[in-house]
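Enquirer: build me a structure from this.
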Amino acid sequence: MAPVDPHWLRPEPVFFRASREPPILPAILPPSRGDAKVRVPRRWPMVVPPPTPDAAFSWIRALAGDAAFERAVQAAGRNGTHVHAEILESGAVATETYVRTLAALLDAPSLMHIETVAPGKAVVGRAPGFVHATVGGASRLVVDATSDPASVVAERVEALRASGQTLALAPATAIMAALEASISGQAIDAAVHGLKRTSPESSAASPWRAWQYVLPTLALGLVLGGAFVLPAATAAVASGVIAMPFLAVTVMRLLALREVLRRDPKAATTRRSALPPHVLPTYSVLVPLFRETGVIPDLVRALDALDYPRTKLEVLLLIESIDLETQAALLALQLPPHFRVVHVPDCFPRTKPKALNYALAFASGDLVVVYDAEDRPQPSQLRLAADVFSRAPADVVCLQARLNIYNPGESWFARQFTIEYSALFDAVLPALASLRLPIPLGGTSNHFRRAALIDLQGWDPFNVTEDADLGIRLARNGYRTLVLPSTTWEEAPVAFPVWLRQRTRWIKGWMQTLLVHTRVPSALRRDLGLLGAVGVHAVLGGLVFSALAQPWFLMLVAYQVASGEFFAPPETLWSALMISICWANLTIGYVVSVVVGFLSTWRRGRKRLALEALMMPAYWLLISLAAHRALYQLVREPYLWEKTPHGVSRRKSRTRRPLSA
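Expert: Sure, this is the predicted structure:
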């Protein structure tokens, strides 16, 4: 080893004033403050210009070499981070070598593995850089050797020794692994039961209200009884009632059409982040994985291509403890230093939101984003999200990136799925955001301020479309969601059985979300206002009930045509009015929906695919099939998560793509 400069304890140049915030564990947090809101920082701190490195770095320079050291100094100044962090991230010095060298300089033992961490002291001790741990059967303090500069670690060691403590040094990864293992029981309990305990009315695990059982039963009884006693009047009234959800969908599509017509299709593609690297916040990427061996290599490449300072980025790959295949696939790869695997304990319910809640306990970023296994986000997406957050009001705590499909040519279902996604994420959701209405989130590419997620107890693990539910809960708690002009490319289901299972889960989740947020209708109106409450019913209720009602409406029309009643003049003015409204509603709704799908797809540069929008009515019939299957599952298996297999597409996301936004 090179001789140690006597001034090596001098502080490393400070490039970043705000230190990385430690993980917050919901299991240890006090109860929710009810209506009190977490104050979410709107902007991140600026930094001072870095001073010139001096002899304080001689031992690090000796380990890394002059060229690597100079590159690290430049990167630290550019990113607002510490020199040692850039050196470790670049791989110029192995973490084990760095820790052992620093431990030798401090005359302390070094550890690469820690047996256990005392749960009661781990959260308190994590912030100042040390934990109480068991090593070789003996209790000692283990100091984090890599999160802070060597000078800070040296001062910490000196202070602890002065108090008579026995200590050792270990890398942050070893400490976090031991911490995760030690408190996994508490963390998984909070992940599963946290929301239900603190806000039972917001959880799909809580029983439904009596009126939510009685009302549909009563309505069904009235329809069946009226069909035998007053068939004509019952048909007229039923037609009017059925028209309501179609009307809601029609209004929503008209708003979407307005959004498509007024938006410049090239504006989103020219948007770039204006934030310099040194003021970017820390970012945590959460990626739930379950039986995803086929997509792991492509996923790692896509996430490693994200244009964000590695020393401010952590990627947490969440795998179920029983998923040995995915664990083996990850072990076979050499993951980048900012990637970390989080093992989620197996328990009921085995759902994506449960895994996300568990990982949130160990995430440390100021911002958090969720991606799925098959996702291919645009590399600039994180920078753009950080830029939007920095400019947005403090109540904007969520950004939904636009989702689209990279394999539309593989089947008719994939093509219809692509048109549907283009309409939803390029037209419908931006229209809702412009009106400040609640936005049911998509299941991926949701960017959050982490403090707001903690405030809301994360996701509902018992809701099988946790994204839509979280979007409504954000709005009910006074937060806003915007649509991010950046695209994440996904894989569409190619075969009908896969599509049907996925769509069944989605609609069942929308049903759960609608039931949760209408438990107390007066509370929904109080939280969102009249317009917001109507928006929730129109978006979720309109989609669910129109899908359920469509085949019955078509069967009613077919019966009337077969019996001759369809061509007979209406017997009453009421009947004539209802028939006119129904047909006008249905015609306008179909035409506007097709036009929105056509224009949204056309503006993506997929002109030939846009013509497939004419087949959307046939696609909606299959959605109705999925809706009735979802209703059956809601009664029999409400928490069943029918997983969608990924990696079956023959077309990879590396192929040429159309215009993105």
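Enquirer: for the most centrally placed residue in the chain, which residues are in contact?
Expert: Nearest residue to the geometric centre of the chain (C-alpha atoms, centre = their mean): residue 370, 3.4 Å. If you count contacts by C-beta atoms under 8 Å, 6 or more residues apart in numbering, residue 370 has them with 286, 287, 288, 356, 443, 444, 445, 446. (Glycine included, C-beta is placed from N, CA and C.)
Enquirer: and the residues you listed as TSV, adding neighbour count?
Expert: Formatted as TSV, those follow (neighbours: other C-beta atoms under 10 Å):
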residue	neighbour count
286	24
287	25
288	26
356	27
443	21
444	22
445	27
446	25
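Enquirer: using CSV, lay out these together with distance to residue 240.
Expert: Listed next are the contacts of residue 370 as CSV, based on distance: C-beta to C-beta, whole Å:
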residue, distance to residue 240
286, 46
287, 47
288, 44
356, 42
443, 35
444, 39
445, 39
446, 38
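Enquirer: which ones among those lie within strands?
Expert: 286, 287, 288, 446 (DSSP state E).
Enquirer: make CSV out of those and add distance to residue 297.
Expert: Output for these, formatted as CSV (distance: C-beta to C-beta, whole Å):
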residue, distance to residue 297
286, 19
287, 14
288, 18
446, 25
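Enquirer: so which residues of the stretch 1-150 of the chain form strands?
Expert: With DSSP state E, counting those that start in this stretch as the criterion, the stretch 1-150 of the chain has strands at 116-117, 130-135, 138-144.
Enquirer: likewise for the chain?
Expert: Using DSSP E, strands in the chain cover 116-117, 130-135, 138-144, 167-170, 283-289, 313-320, 339-344, 367-370, 376-377, 396-405, 446-449, 480-490.
Enquirer: could you verify my assumption that residue 242 touches residue 555?
Expert: No: in this structure residue 242 lies outside contact range of residue 555 using C-beta atoms under 8 Å: 11.3 Å.
Enquirer: where does the prediction get shaky in this structure?
Expert: Scanning the chain for pLDDT under 70 picks out 1-56, 119-128, 232, 236, 264-271, 571, 574-575, 650-661.
Enquirer: save the strands of the stretch 1-150 of the chain as TSV, and put in mean neighbour count too.
Expert: What follows is the strands of the stretch 1-150 of the chain, written out as TSV (neighbours: other C-beta under 10 Å):
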stretch	mean neighbour count
strand 116-117	20
strand 130-135	22
strand 138-144	19
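Enquirer: of all those strands, which one is nearest residue 193?
Expert: strand 116-117 (22.9 Å; C-beta to C-beta).
Enquirer: contact partners for residue 408?
Expert: 414, 415, 417, 418, 492, 606, 609.
Enquirer: not counting sequence-adjacent ones, nearest residue to it?
Expert: residue 418 (3.9 Å; C-beta to C-beta, 6 or more residues apart in numbering).
Enquirer: measure how buried that neighbour is and give me the count.
Expert: By other C-beta atoms under 10 Å, the residues close to residue 418 number 26.
Enquirer: using PDB, list the CA coordinates for stretch 206-222.
Expert: Provided in PDB are the C-alpha atoms of stretch 206-222 (Å, rounded to 0.1, in the frame of the first residue of the first chain):
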ATOM      1  CA  SER A 206     -62.300  -3.800   4.400                       C
ATOM      2  CA  PRO A 207     -66.000  -5.000   4.100                       C
ATOM      3  CA  TRP A 208     -68.300  -3.200   1.700                       C
ATOM      4  CA  ARG A 209     -71.100  -1.200   3.000                       C
ATOM      5  CA  ALA A 210     -74.600  -2.700   3.200                       C
ATOM      6  CA  TRP A 211     -76.000  -0.400   0.600                       C
ATOM      7  CA  GLN A 212     -73.400  -1.600  -1.900                       C
ATOM      8  CA  TYR A 213     -75.000  -5.100  -1.700                       C
ATOM      9  CA  VAL A 214     -78.600  -4.000  -1.400                       C
ATOM     10  CA  LEU A 215     -78.700  -1.500  -4.300                       C
ATOM     11  CA  PRO A 216     -77.600  -3.700  -7.200                       C
ATOM     12  CA  THR A 217     -79.700  -6.600  -5.800                       C
ATOM     13  CA  LEU A 218     -82.800  -4.300  -5.700                       C
ATOM     14  CA  ALA A 219     -82.100  -3.000  -9.200                       C
ATOM     15  CA  LEU A 220     -81.800  -6.500 -10.600                       C
ATOM     16  CA  GLY A 221     -85.100  -7.500  -8.900                       C
ATOM     17  CA  LEU A 222     -86.900  -4.500 -10.300                       C
END
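Enquirer: list the contacts of that stretch.
Expert: 196, 200, 515, 518, 519, 520.
Enquirer: quick check, nearest of the contacts of residue 370 to residue 400?
Expert: residue 446 (5.9 Å).
Enquirer: may I have the beta-bridge partners of the closest residue to the closest one other than its chain neighbours?
Expert: Spatial nearest neighbour of residue 446, chain neighbours left out: residue 370 (5.1 Å); criterion: C-beta to C-beta, 6+ apart. Using DSSP bridges, the beta-bridge partners of residue 370 come out as residue 286, residue 446.
Enquirer: how close does residue 370 sit to residue 353?
Expert: To residue 353, residue 370 is 10 Å away according to C-beta to C-beta, to the nearest Å.
Enquirer: circling back to that earlier point, just among the contacts of residue 408, which is most surrounded?
Expert: residue 418 (26 neighbours).
Enquirer: got the contact list for it?
Expert: Per C-beta under 8 Å, 6+ apart, neighbours of residue 418: 404, 405, 408, 492, 601, 606, 609.
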